[in-house]
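*Asks:* no letters, just coordinates:
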């Protein structure tokens, strides 16, 4: 099962026989944070999509609280279709603006995952200098930010420069 915003781009894909598998390479790459932080206590996610990352974390990180923010109510309406578990004491899915969430959320994260796209691609609200600065402030002192960037975006290099500025050049770029 796949989620598309347009005929050209797959936002998410789920194997019906193994709904917790990370079908898309970029999802497996994003989960690479586990090499650096194998037991995060709290993960914040911006962008739910088909829920691949949220389902994986909920299933395989039993001691981790996961909070997901999704702005698009149509994506949230597909939650059951993509077998995203209901909210419980470890998983919370909220409708809201990810940029506001990062700026105003009370509890800092060990890991913050940004995988927010809309019909036009990378939203400017999730790639501004202020947003990346807010991401830095939202993390624990030893926290990690994981961002899915479209490497063919006209401002890709600008986004990387912004991340380097916000995170004092402590940025690892993994291209896939």
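*Replies:* Yes, it's here. The shown structure was predicted, so the numbers you read here are calculated from the model rather than taken from an experiment. Residues are numbered from 1 along each chain as shown.
*Asks:* so how far does stretch 152-172 reach from one end to the other?
*Replies:* Start-to-end span of stretch 152-172 (C-alpha to C-alpha, to the nearest Å) is 18 Å.
*Asks:* and for that stretch, what's in contact with it?
*Replies:* Here stretch 152-172 makes contact (C-beta atoms under 8 Å, 6 or more residues apart in numbering) with 121-122, 127-129, 132-133, 135-136, 145, 147, 149-150, 173. Where C-beta positions appear, they are placed from N, C-alpha and C, glycine not excepted.
*Asks:* need those residues in a markdown table with distance to residue 100 and secondary structure, can you?
*Replies:* Formatted as a markdown table, the contacts of stretch 152-172 follow (distance: C-beta to C-beta, whole Å; DSSP: H, G, I helix; E, B strand; the rest coil):
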| residue | distance to residue 100 | secondary structure |
| --- | --- | --- |
| 121 | 20 | strand |
| 122 | 18 | coil |
| 127 | 15 | coil |
| 128 | 13 | coil |
| 129 | 16 | helix |
| 132 | 15 | helix |
| 133 | 14 | helix |
| 135 | 13 | helix |
| 136 | 16 | helix |
| 145 | 17 | strand |
| 147 | 17 | strand |
| 149 | 21 | coil |
| 150 | 22 | coil |
| 173 | 27 | coil |
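*Asks:* any quick PyMOL command for the buried ones out of these?
*Replies:* Burial among those is assessed by 16 or more other C-beta atoms under 10 Å; the matching PyMOL selection reads:
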select buried, resi 122+127+132+133+135+136+145+147+149
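*Asks:* list just the nearest of the contacts of stretch 152-172 to residue 53.
*Replies:* Set against residue 53, the nearest of these by C-beta to C-beta is residue 147 (12.5 Å).
*Asks:* was I right to think residue 84 contacts residue 48?
*Replies:* Yes. Using C-beta atoms under 8 Å, residue 84 is in contact with residue 48, at 7.3 Å.
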